[in-house]
Every structure is written in C-alpha cells, then in structure tokens.
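# Here you go, sequence then predicted model.
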Amino acid sequence: MDFISEKLAEYLSQNSDKEPEILSKLNKETHQKILQPRMLSGHIQGRFLSLISKIKSPLQILEIGTYTGYGTLCLAEGLATNGKIFTIDRNEELINIQNKYFEESGNRDKIVQLTGSAIDILMNLDENFDLIFIDADKENYIKYFEIVSKKLNPNGIIMSDNVLWSGKVVEESDNDQETNTLKKFNSLLSKDERFETIILPLRDGLSISRLI
Ligand SMILES: C[S@@+](CC[C@H](N)C(=O)[O-])C[C@H]1O[C@@H](n2cnc3c(N)ncnc32)[C@H](O)[C@@H]1O
C-alpha cells in the first residue's frame, strides 16, 4: 500500500532520479508474467535502496526475499569493488527471470542466489554483512532480525520492508498473525538499544536500523 495520493506518487516519480531502463523492463515483465507483482520494490523504493547502498558502499549485502530480483539489482548498484550481494528466495520458479536480468545488468558475478527456506539458509550462512534488506514472509521478521543482527558488521544497516502493513499496525482490530508479528517487530526494534531505528512511510513502510 502507498500512503500518498496517486497524484503525489506521480510527482515523486517525475522529480526523483529516473528508474534505470533495465529496471523499468524488469518491472514491466514482472507485471506481465509473474504472480503478485506488487511485491516488487518499484521505482521510488528501488532508488532509495540504491542510494543507501551507494552511501554505504558495502562489501557484503544480504537480501531476504529476492522475488524477480528488482531490489537485488538496486542494492548491487552501490556495492564496493569486489563486493557481493547474497539473496535468498524459496521460489525456484523465479530463477529464470532473475538470471535473465542479473546477466543483463553487468553485475552477475557480484550476485549469489541462495534457494530455499530463509531460516535454514541463514542458520548455515557463515558470512558477515554491512547492509541487510529483510523483505520476505512477515511471520518470520522477528526471527530474521534476531539471526541477522548477529551477522551485521559495526555501523551496519538493516532495512525491513512492509512494516506499516497497509496501516494495519495501528488498528487494534487487526490481529492476524502477520499484523501481530509486525506490531511486535516495530515495538521491539524501537526499544532495541543496540540499534537506532527510524520507520519511513515509504511505500508500505520501510524501517532502517543502524547498529550503534
Ligand atoms: C516481497 S517479495 C521480495 C521483493 C524484492 N525484495 C524486491 O525488492 O523486489 C518476497 C519474496 O520472499 C520470498 N519468501 C517468502 N517467504 C520465504 C521464506 N520463508 N524463505 C525464503 N523466501 C521466502 C517469496 O518467494 C517472495 O519472492
């Protein structure tokens, strides 16, 4: 869900850095051929991911939830020379479209695709990261944060997507498992003294937590 009007969203698009051509193609193909295209980060959030990555210039990035690879390519734009992005998804059917665009991007050799359940993969992943993007099943957000916070380098950043969950996080009557987990997740992060955290009302809500 977007928290701003269509007119303002259009204004943001027109007055922000343009969506690179390859990402615009991937965006279009995802909408034409893949189920649930709203899962893709999209123009403005994608440019934001790219900008944060460029500011941070990370050596290693982790993404939980690759989908068609839009966020992966945005994050990869800021990788340091010799940097790598590890990206996890359990859906094998997405690998062809990911590969097509990863090849075309020129960043193929910097992208490591890991296929399977994110928790299983994370438990066996012996790597540390400067930048982490959590963007998979909401029920596991607290577990993901617990696991990845131990793999984060000092001054590292964790970004978590969809934390406002279409505004359901402020509704007492919304008590499904995903909403409850996100309510708890946001509250835990705001009290976690290891991190400074801010929630941005970008798209469906994106929180940024910096390891102090
Ligand atoms: C919102 S999409 C990711 C969007 C992508 N990060 C982007 O920026 O365009 C979420 C993805 O997480 C994957 N996913 C959901 N639960 C998962 C799990 N338990 N383990 C691994 N992948 C999972 C889904 O298959 C889906 O492709």
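Everything's here; your move. Residues are numbered from 1 along each chain as shown.
# can we go C-alpha only for contacts and neighbour counts from here?
Noted.
# In this structure, where's the longest strand?
Criterion DSSP state E: the longest strand present in the chain is strand 152-161.
# And the strands in this protein, which stretches?
60-64, 84-89, 111-115, 129-134, 152-161, 195-200, 206-211.
# what residues does the first one touch?
When you say that, I think you mean strand 60-64. The contact list for strand 60-64 (C-alpha atoms under 8 Å, 6 or more residues apart in numbering) reads 72, 75, 79, 83-89, 118, 128-136.
# Which pLDDT does the model give the residue most central in space within the chain?
Residue closest to the average C-alpha location in the chain (C-alpha atoms, centre = their mean): residue 133, at 4.0 Å. Per-residue pLDDT puts residue 133 at 98.
# same deal with residue 4?
88.
# what's the burial count for it?
By other C-alpha atoms under 10 Å, the residues close to residue 4 number 12.
# Next one: it relative to the ligand, how far apart?
As for residue 4, its distance to the ligand is 20 Å (criterion: C-alpha to the nearest ligand atom, to the nearest Å).
# Next: residue 68.
For residue 68 relative to the ligand (C-alpha to the nearest ligand atom), the value is 6 Å.
# With the flanking residues excluded, which residue is spatially nearest to that residue?
residue 98 (5.2 Å; C-alpha to C-alpha, 6 or more residues apart in numbering).
# repeat for residue 130
In space, residue 130 comes closest to residue 156 once its chain neighbours are excluded; the distance is 4.6 Å by C-alpha to C-alpha, 6+ apart.
# which parts of this structure sit against the ligand?
The chain has residues 39-41, 65-67, 69-71, 88-91, 116-118, 135-137 near the ligand, with proximity defined as C-alpha under 6 Å from any ligand atom.
# Now the buried members of these.
Buried members of those, scored by 16 or more other C-alpha atoms under 10 Å, are 39-41, 65-67, 69-71, 88-90, 118, 135-136.
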